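Colleague: predicted model and sequence follow; I will ask about them next.
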Amino acid sequence: MKLVPQIVLATATLALGFATLDAKSASAAIVSYAFTVDSPINKGQGYFSFDDSTFSNDNIPETTVKSLYFQFDGDSTVYTEQDDVNYPEFPLVFSTTFLTGQPSVGLEYLFDDQANPASSISYEIVGEDFTIFSRTSPNSEIVSGKLSYSKVPEPTTLASTIFACSLGWILKRKAISTKKVKA
């Protein structure tokens with residue numbers, strides 16, 4: 001019967017934790033996304049964040065990126081928001097529904113190849129499209145690829161989930177050890 005007070009305490013703790021979590025999530029304005037680039041020539045991963053309370057009132061709402069980090073697989077060059085050709089007005093995040101019909105965001109980011117500046121190659125990300133093109137030959141698309149986005153959970157959400165799973169695991173072990181002692 002010692003297990004019942006522990007379960008009541010755990011339930012109360014989780015209820016309080018999730019109530020606090022909802023209050024914090026509702027007031028948070030910085031949103032983070034991870035993205036993956038996949039093209040026949042280059043693959044890479046990145047991360048960006050923005051303040052969702054600063055979206056414009058245009059037909060396609062947009063806001064500037066607060067921070068951006070991108071790196072091609074196997075390349076040591078790191079691209080940031082300051083590498084955008086039109087920084088500080090760009091890169092932008094825009095609200096969209098893409099092909100799924102679900103509200104999401106897209107990234108608009110244009111940057112030059114820093115690993116090999118003499119190559120005159122530029123990279124462009126617009127929504128789900130990734131394009132590699134030559135700066136010396138306008139409208140000369142070399143390769144195109146696709147992007148995928150995934151929202152990065154807030155640290156409080158992640159911490160609460162880990163806490164709840166750990167607590168459940170501990171209580172399960174306690175219940176199993178109690179059953180063994182009784183048997």
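Modeller: Received the coordinates, thanks.

Colleague: what's the helix or strand for residue 50?
Modeller: Per DSSP states H and E, residue 50 falls inside strand 43-51.

Colleague: name whatever forms a beta bridge with the residue nearest to residue 45 when sequence neighbours are not counted.
Modeller: What sits nearest to residue 45 in space, not counting adjacent residues and going by C-beta to C-beta, 6 or more residues apart in numbering, is residue 36, at 5.4 Å. For every residue, glycine as well, the C-beta is placed using N, CA and C. On the basis of DSSP bridges, residue 36 is bridged to residue 45, residue 148.

Colleague: now residue 50
Modeller: Going by DSSP bridges, residue 50 forms beta bridges with residue 31.

Colleague: quick check: it vs residue 152, distance?
Modeller: 12 Å (C-beta to C-beta, to the nearest Å).

Colleague: kindly report the same for residue 146.
Modeller: 20 Å.

Colleague: so between those two, which is more surrounded?
Modeller: residue 152 (15 against 12; other C-beta atoms under 10 Å).

Colleague: now do the strands in this protein.
Modeller: Secondary structure of the chain (DSSP state E): strands located at 30-38, 43-51, 62-64, 67-72, 79-80, 92-96, 104-112, 121-126, 129-134, 141-151.

Colleague: no further queries at this time; thank you.
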